[in-house]
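>>> Take this sequence and fold it.
(chains A and B)
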Protein chains: 2
Amino acid sequence: MRRINIGLLGCGTVGTGVARILLERKALIRARVGAELVLKNIADIEVDRDRGLNLSPGVMVADAWPVVEDPSIDIIVEMIGGDRIARELMLRAIENGKHVVTANKALLALHGNTIFKAAAEKGVDLAFEASCGGCMPIIKTLRESLVSDRIHAMTGILNGTCNFILTKILQDKSPFADALAQAQAEGYAEADPTLDIEGIDTAHKLAILTALAYGMEINFKDIYTEGISRITPLDIQFADQFGYKIKLLAIGKEKDGKVESRVHPTMIPADNLLSHVDGTLNALRVSGDAVGDIVLNGRGAGMMPTGNAVVGDIVDIARNMMTGAVGRIPLLSYQPDSIRKLPVLPMEEIETQYYFRFSVLDQPGVLAAIAGILGKNRISLRSVHQKGRKNEGPVPIVMFTHMAREKDVNTALKEIANLNVVADQPMLIRIEDENGE
Amino acid sequence: MRRINIGLLGCGTVGTGVARILLERKALIRARVGAELVLKNIADIEVDRDRGLNLSPGVMVADAWPVVEDPSIDIIVEMIGGDRIARELMLRAIENGKHVVTANKALLALHGNTIFKAAAEKGVDLAFEASCGGCMPIIKTLRESLVSDRIHAMTGILNGTCNFILTKILQDKSPFADALAQAQAEGYAEADPTLDIEGIDTAHKLAILTALAYGMEINFKDIYTEGISRITPLDIQFADQFGYKIKLLAIGKEKDGKVESRVHPTMIPADNLLSHVDGTLNALRVSGDAVGDIVLNGRGAGMMPTGNAVVGDIVDIARNMMTGAVGRIPLLSYQPDSIRKLPVLPMEEIETQYYFRFSVLDQPGVLAAIAGILGKNRISLRSVHQKGRKNEGPVPIVMFTHMAREKDVNTALKEIANLNVVADQPMLIRIEDENGE
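Residues are numbered from 1 along each chain as shown, chains lettered A, B, ... in the order given. This next block holds a predicted model:
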């Protein structure tokens, strides 16, 4: 039986999951592929850490470089993370004619175009299902299933840390900082949570997904990215009261060759399927002209779910190797000469619906002043609510708008913030509601 | 540029969708495959019907046989349906070395083992994504993504007609017959709705999915199949009141080599994602040891959604042809010598939770008599409710059980039905609730 040799670089959480699956599910994988997948080397600085893996002597090594140079290794699985050493090792592996599997969304978002070009030129496969949405087959669905449809929108909950925190704030009415602390205590957030809570991780994934869905080069730098740290229990409760949930959404749309690509906290109707995706779960909704909406839902992270996606990629490549079909699917699913450079709309040109919350002194004429400024800026209101009237101190006014332009909203809110009766920075949350207009 | 010739057999609703996509999305498909997919022939008895397709002369023909004999045709797309002529044409196409794409779940459920064997022997591809779940990539997810996980359960809403009817009964409190009539009026149910409402269509799909998930031969005949025609608005309201929804579920489980494979109306907790899948939508939940739960949701039928899944299959095969990789994935995803003959548990041996509704005369001792019979048969109760007490005539008693064995339940209900105080045939609905015990 043919042997396919695998070199695993990086043995942290997901890397350990990959190793476990390759070692413990040998028979199952053999029955699928008709070949023996051999975990020839694992490279990790922490050679001696006990990972509960039953490895033969010599499999675990400290240095990754000899592994990518080893001519007997067919597939390199990059689980190091980050965009420096991982990139160098990956490019070297490609140069050496090895196929590559990775879950590294940051690296692909920042350097994917270069890496894909190198892989295409060398004629090797590069698979990255685990980079977006953990165990869900998002990449495969975009690259292989929805190949004849025009996708016009994707909306996704792609970061379990943020979704856990937002769920906690709603359930416990606790402030953001407490919910974050709890996420950290339960192992769902890193000690430095910036990449997650500021939406950067979600934007990395969105950069990959928009490229696949719209046949365009990966474009991370033009994604508007706003995190969840400003979200208060008050906003989440208002949302709840008016039939919405707040989720950190990745939004990618395409119309007439213009692409919207943005990540921000978003209100979605409570009867939207994504509203029921709570805790650390992830989900992606893909909207196509022909298929309508497809929603995928599952665990977006974790040793075994993500490990499983990585091994799915390894099996895909092994099946290609067994039939000499390497490169059967172009990396972005489009033939390289069909990949477009599509412009991403500047955020100021986006049109959507908005939720505003103003903290105002409870005086006559306040509402008229605010509504006047909004009207002047072509922002028309769907509803206005004044809640929790107090005897003294500022009170919240909540407004929901019809479709408005981000640029007008920015102008108006700046002017409103300068009113004497407005006590605090206005809060703005965008709304995604296809039935709302 | 290479040309790949397609022969489409049957041009009803889905067939017309396939033709439209192949004709209208030529450029998109070319950019994906790097080849020209040519719709060389469409065979349909109704040659002259206007389908809004802009066809060259000679493309539309009445007789399918010359198409499967035409040596220039590479891929046969079978959209005729049924298990007679479709089977003969398909086997002949395979014999002629053509690849086959089909959406025909009835044919695969009944004759799949023979057909797959023929295709494997001849070394041609056979793709059937559109047979289950319309536009959702269910087959691809099972065959290609979840390849290293042990799937232990699948629960699916796989028939849009039934789901539409059940949703209507809940929304309008209308009886089954009215909801069915409305489904027929809106084009969601056939004039003869038997295949759908009796659960047979769902069972066809389940037969295919259990084979893929558990690496076993297709087994349709041992699936327990019960439709939705006995479901009353009263049961749906009781379900709602106790936090459940009633859905027609396909349930496929595997444990220690024993398979449960059954289709019946099922109560599921209202916070289960499948509970939010309403109207004609379909969904499948796959539960694996490593990945946890993955849920796919989308349109399970219709010209364009299903047509899109068919064209996805055509593109997959075309990509195989372009790289000489035909047969890269074994038809059931397992190497043929690894396919097992797994026994399907007889329904009497199933253990699950139950909802019972008895219609009883409101007399002292009734509850004791019923509870006594249940207890004698090892059925223990989670809760008992007597609703809508009337001055005269029978009243409903509702009971929820802990885990019980179907055989014991049948014995007990037969005995209870014979009590003088029991006015009507007892109602039984099985419950799927992994958090319920």
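>>> my read: A:Val61 touches A:Ile42, true?
Yes - taking C-beta atoms under 8 Å as the definition, A:Val61 is a contact partner of A:Ile42 at 7.1 Å. In this view, the C-beta of every residue, glycine as well, is placed from N, C-alpha and C.
>>> Between the two, which is the more surrounded one?
Neighbours per residue, other C-beta atoms under 10 Å in any protein chain shown: of A:Val61 and A:Ile42, the larger number sits with A:Ile42, 27 against 15.
>>> which element is the more buried one on?
Assessed by DSSP states H and E, A:Ile42 sits inside strand A:36-43.
>>> number of nearby residues for the residue of the stretch 251-400 of chain A found nearest chain B?
Using C-beta to the nearest C-beta, the closest approach of the stretch 251-400 of chain A to chain B is made by A:Ala325 at 3.0 Å. Residues lying near A:Ala325 (other C-beta under 10 Å) number 20.
>>> Now do the SS call for the nearest residue to it once chain neighbours are set aside.
Nearest non-adjacent residue to A:Ala325, counting by C-beta to C-beta, 6 or more residues apart in numbering or on different chains: B:Ala325, 3.0 Å away. For B:Ala325, the secondary-structure state derived from DSSP: H, G, I helix; E, B strand; the rest coil is coil.
>>> Which residues are in contact with B:Ala325?
For B:Ala325, the contacting residues are A:Asn320, A:Thr323, A:Gly324, A:Ala325, A:Arg328, B:Arg319, by C-beta atoms under 8 Å, 6 or more residues apart in numbering or on different chains.
>>> do you know how far the residue of the stretch 251-400 of chain A closest to chain B is from A:Phe356?
Using C-beta to C-beta, to the nearest Å, A:Ala325 is found at 54 Å from A:Phe356.
>>> now swap in A:Met90 and tell me
Taking C-beta to C-beta, one finds A:Met90 at 45 Å from A:Phe356.
>>> Which one of those two is surrounded by more residues?
A:Met90 (26 against 22).
>>> residues in contact with that one?
A:Met90 is in contact with A:Ile76, A:Glu78, A:Val100, A:Thr102, A:Leu107, A:Ile115, counting by C-beta under 8 Å, 6+ apart.
>>> Quick one: buried ones out of those residues?
Those of those that meet the buried threshold are A:Ile76, A:Glu78, A:Val100, A:Thr102, A:Leu107, A:Ile115, by 16 or more other C-beta atoms under 10 Å in any protein chain shown.
>>> Quickly note the distance from the first one to A:Gly97.
From A:Ile76 over to A:Gly97 the distance is 11 Å, taken as C-beta to C-beta.
>>> okay, and the common contacts of those two?
With C-beta under 8 Å, 6+ apart, A:Ile76 and A:Gly97 have no common neighbours.
>>> thinking again about what came up before, chain B: which of the contacts of A:Met90 is nearest?
Once C-beta to the nearest C-beta is applied, the member of the contacts of A:Met90 that ends up nearest chain B is A:Thr102, at 16.5 Å.
>>> mind checking the backbone torsions on A:Met399?
phi -130, psi 140 (degrees, to the nearest 10).
>>> cool, A:Leu170 as well?
Per-residue torsions, A:Leu170: phi -70, psi -50 (degrees, to the nearest 10).
>>> Kindly report the same for A:Arg25.
Torsion angles at A:Arg25 (phi, psi; degrees, to the nearest 10) stand at phi -110, psi 30.
>>> Pull the residues that contact stretch A:264-272.
Contacts of stretch A:264-272 (C-beta under 8 Å, 6+ apart): A:155, A:166, A:199, A:224-228, A:230-231, A:239-240, A:243-249, A:251, A:274-275, A:355, A:429-433, A:435-436, B:276.
>>> could you redo the last one with a cut-off of 6 Å?
Stretch A:264-272 is contacted by residues A:226, A:228, A:231, A:239, A:243-249, A:274-275, A:355, A:429-433 when judged by C-beta atoms under 6 Å, 6 or more residues apart in numbering or on different chains.
>>> Quick one: buried ones out of these?
By 16+ other C-beta under 10 Å, the contacts of stretch A:264-272 give A:226, A:228, A:231, A:239, A:244-249, A:274-275, A:355, A:429-433 as buried.
>>> Quick check: strands, which of those residues are part of them?
The members of the buried ones among the contacts of stretch A:264-272 that map onto strands under DSSP state E are A:Tyr244, A:Lys245, A:Ile246, A:Lys247, A:Leu248, A:Leu249, A:Tyr355, A:Ile429, A:Arg430, A:Ile431.
>>> list the contacts for the first one?
Taking C-beta under 6 Å, 6+ apart as the contact definition, A:Tyr244 lies against A:Met267.
>>> And the helices in the stretch 301-437 of chain A, which stretches?
Along the stretch 301-437 of chain A, counting by DSSP state H, counting those that start in this stretch, helices occupy A:303-322, A:366-376, A:406-417.
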